[in-house]
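Enquirer: build the 3D model from these lines:
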Amino acid sequence: MRACLPGLPLLGCGSGIRSARYLKQAGAQYVWCNDFDPRLQETQVMNLLCPDLEATGQNSHIEARTLLSKAQILRPGGLSRDVWHWEQEGEGSIVRVSQVDATRILTACFLNEDFYDVIDIDSFGSDSRFIGSSLDAVKHDGLLYLTSTDGFSAGGHRPARSLAAYGAFVRAGLPSSNENGCGCA
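Expert: This next block holds a predicted model:
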C-alpha cells in the first residue's frame, strides 16, 4: 500500500487495531491513534504496543498501565488533553495515543503545521463533520481514508438523516444506490 511506506506519518483513529497494522505490517514510522472515549486508552495502548499479547486477561491491563507509566506526556499546541508518546527503539517508530475530539486534533495539527501523509478516520456515524479539518491536516499528495458505519443512511434507507448529514440522499433499492451513497458522503 503506497500510503504506508516506512517514514510516512499516519494519523489514525479508533481502538488501535488498524493503526497497529500500519505499524507492524506496513512499516509506518509514526502513528497517532486517537479516540474520544477515554475508556479505550488501555485498549489502544495494548493493540499498538503489544499486538501479539492477548488483551482479554488481567495481565493485559497491568501491562497497559506499565506502558502508560513509561510514556512521555505531551500537550501539543491547541489541545487541552494529554497525548501519550512512545519512541520504540528497536523498531524505530513513534506511537502517540490520545482521547481528543477528532476535529480539534486535526485542526491543531493544521495550525501547528504538523501535516500527515495518511489520515484514516473510521467514525461511528457520518464522517462529514471531519472532512474539512482532515483536508487541512493531510499533506499535499497525501491520502485521506474516511470510513463510516452509517452506510444505511448513505445507501438511501434513511433519507432524512442522509440529507441532514450530507445535504443529499439517494433513492434506496436502485442497483447503484450504495455507490451513489458513497458519492454523497
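
Enquirer: longest strand of the chain?
Expert: What stands out as the longest strand in the chain, according to DSSP state E, is strand 138-148.

Enquirer: so for it, what's the average pLDDT?
Expert: Averaged over strand 138-148, pLDDT sits at 85.

Enquirer: tell me the buried residues in it?
Expert: Buried residues in strand 138-148, counting neighbours by 16 or more other C-beta atoms under 10 Å, are found at V138, G142, L143, L144, Y145, L146, S148. For the C-beta atoms, the positions are set from N, CA and C on the backbone; glycine is no exception.

Enquirer: chain neighbours aside, what residue packs nearest to the fifth one?
Expert: Yep, that's Y145 we're talking about. D120 (4.2 Å; C-beta to C-beta, 6 or more residues apart in numbering).

Enquirer: in a strand, that neighbour, correct?
Expert: Yes. Assessed with DSSP: H, G, I helix; E, B strand; the rest coil, D120 lies in a strand.

Enquirer: can you give me the pLDDT of it?
Expert: Per-residue pLDDT puts D120 at 86.

Enquirer: same thing with A108?
Expert: A108 carries a pLDDT value of 91.

Enquirer: over to G125?
Expert: With respect to pLDDT, G125 scores 63.

Enquirer: what of F115?
Expert: For F115, the pLDDT comes out at 92.

Enquirer: if I pick the closest residue to it other than its chain neighbours, what's in contact with it?
Expert: Setting aside the residues directly before and after it, F115 is nearest to K139 in space (C-beta to C-beta, 6+ apart), at 4.4 Å. Neighbouring residues of K139 by C-beta atoms under 8 Å, 6 or more residues apart in numbering: F115, Y116, D117.

Enquirer: buried members of those into ChimeraX, please.
Expert: A single ChimeraX command selects the buried members of the contacts of K139 (16+ other C-beta under 10 Å):
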select :115,116,117
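
Enquirer: so of the contacts of K139, which ones are in strands?
Expert: Judged by DSSP E, strands contain the following of those: Y116, D117.
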